[in-house]
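Participant: Pasting a predicted model and its sequence here:
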Amino acid sequence: MNVPSVLAGYRVVDCSIAMAGPFAAQRLGDLGADVVKVEPTTGEWQRHASAGGASGNEINVSFLSLNRNKRSLALDLKHDEGRAALYELVRTADVFLQNYRPGVAARLGVDYESLKAINPSIVYVSISGYGESGPYRDRPGQDLLVQAMSGAMLSAGRDGDEPSPAGQFLADAVTASTAFEGVLAALLHRERTGEGQLVTVNMLDAVTTLQMQELSVFTVGQKPQQRSREALAHAYIRAPYGVFKTLDGYVALAFAEPELLGQLIDEPSFAGWKAEEHGWSHRDELHERIAARLATGTSAHWIELLGAAGIWIGPVYSYQDLVDDPQIAHNGTFVEYDHPTEGRVKTPGFPYAFSATPARIDRGAPLTGEHTRELLGELGYTAEQVEQLLEHGAASDRMLRR
């Protein structure tokens, strides 16, 4: 039975670019919202910037991964007719999402006050790099720059080593999740009161509040952010806590009792050592001696031996290892579907499960303006009026090649 998705009946206007905004809107689309991606007539920026050089056939993988379950309406918002069409769309919408640089939305006439006048119940989500105002208002909100500013790079690795960024677009991803949460909370408020509102999210606050525990240890506990001589994975965690080389790869090891660990890896110097005492006072020595012992055996050997004793140990995966993992297969973490131009697509699926209203993929990422005619028709434009917008350059329509 094809049950309605949890957000079926809600319309989201997605005027965002790059990763954080499109990722948040995609999450809403996965839950059944009708997400209309309003993009320039030449296509959103991410269509022309392929991460990892993965260009695709007609849609590069970067855009493909962040824009499923959306329809594309290509409009020129600097054109009066294009902006008028957007206003018609806003009248039908529940959510409007944008991540323009501060001030751009107002210049385009799509700021909160302008759209609230058209649709008073709109939930308007504005994503920025550092905030809507303040001394960093006009700085570029780029993932690496925000990570660097967040302090997180100095919570791992060796003292004196260069700061190390996360191995993913962490600031963008957590900002997307934050915006997604903000939309759901604002829609719940509107269901209860009928009142729309402005929701502002910025990347710096999102990645700062992600570090709730670490920063509270610093601000409340007055503990300095001091990295160790050895490469511990976190400045605020006792040893052992990190990644260790083995004969054939690496393992991750966390929170082992030193005395028990010493018995298992044949390191007698750990006799009598206590986790909550020596794990802090002898962090470097613990890490160094454990590293020397684990280097003498294979990953599988240590995972089996230490894991059987209740010690927290696990493999360090590559992406191929992750994709091939049996738990990933059991969870259905990745989804596969057929895309009309990109063929068979396999991507990460959904981070949540609903027993009654499951997330699903109804369509892959659209071509630029693939749904322009369809959407303008839904808004009441006649075929002649649509042709006029196309001829004037206020909209574009890139029909899917069959």
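Facilitator: In hand now; what should we look at? These numbers come from a predicted model, not from an experiment. Numbers count the residues shown, from 1 in each chain.
Participant: Show the residue spans covered by the helices in the stretch 151-300 of the chain.
Facilitator: 170-193, 203-209, 212-219, 258-265, 275-281, 283-294, 299-308 (DSSP state H, counting those that start in this stretch).
Participant: Could you check those helices and tell me which one is nearest Phe334?
Facilitator: helix 170-193 (17.0 Å; CB to CB). Where you see a C-beta, it was placed from the backbone N, CA and C, and this is true even at glycine.
Participant: Quick check: buried residues in the closest one?
Facilitator: 170-180, 182-184, 186-187, 190 (16 or more other CB atoms under 10 Å).
Participant: residues contacting the most centrally placed residue in the chain?
Facilitator: For the chain, the residue sitting closest to the mean C-alpha position, by CA atoms, centre = their mean, is Ala173 at 2.2 Å. Ala173 makes contact with Met19, Ala20, Phe23, according to CB atoms under 8 Å, 6 or more residues apart in numbering.
Participant: switch to 7 Å and redo it
Facilitator: Phe23 (CB atoms under 7 Å, 6 or more residues apart in numbering).
Participant: And for the one 3 residues further on?
Facilitator: With contact set as CB under 7 Å, 6+ apart, Ala176 has these partners: Met19, Ala20, Phe23, Ala24.
Participant: Of the residues you listed, which is the most crowded?
Facilitator: Ala20 (31 neighbours; other CB atoms under 10 Å).
Participant: With adjacent residues omitted, what lies nearest to that one?
Facilitator: Once flanking residues are discounted, Ala20 sits nearest to Thr175: 4.2 Å by CB to CB, 6 or more residues apart in numbering.
Participant: you'd agree the one you found is up against Met203?
Facilitator: Yes. Using CB atoms under 7 Å, Thr175 is in contact with Met203, at 4.7 Å.
Participant: hey, what's in contact with both of these two?
Facilitator: Contacts common to Thr175 and Met203, judged by CB under 7 Å, 6+ apart, are Ala20.
Participant: shaky segments in the stretch 301-402 of the chain?
Facilitator: 399-402 (pLDDT under 70).
Participant: returning to what we had before: which residues touch the residue nearest to Ala20?
Facilitator: Thr175 touches Ala20, Ile127, Val201, Met203, Ala206, counting by CB under 7 Å, 6+ apart.
Participant: quick one: the residue of the chain positioned farthest from its centre and Tyr241, what's the gap?
Facilitator: Distance from the C-alpha centroid of the chain, by CA atoms, centre = their mean, peaks at Pro268 (44.9 Å). Separation of Pro268 from Tyr241 (CB to CB, to the nearest Å): 22 Å.
Participant: and if you look at Ala152?
Facilitator: 16 Å.
Participant: Please name the bridge partners of the closest residue to Ala295 other than its chain neighbours.
Facilitator: Spatial nearest neighbour of Ala295, chain neighbours left out: Lys245 (5.5 Å); criterion: CB to CB, 6+ apart. Note on Lys245: beta-bridge partners by DSSP bridges are Tyr250.
Participant: Could you tell me which residues make contact with the residue lying closest to Leu204 once chain neighbours are set aside?
Facilitator: In this structure, Leu204 finds its nearest non-sequential neighbour in Tyr130, 4.9 Å apart by CB to CB, 6+ apart. Going by CB under 7 Å, 6+ apart, Tyr130 touches Tyr136, Arg137, Arg139, Gly141, Asn202, Leu204.
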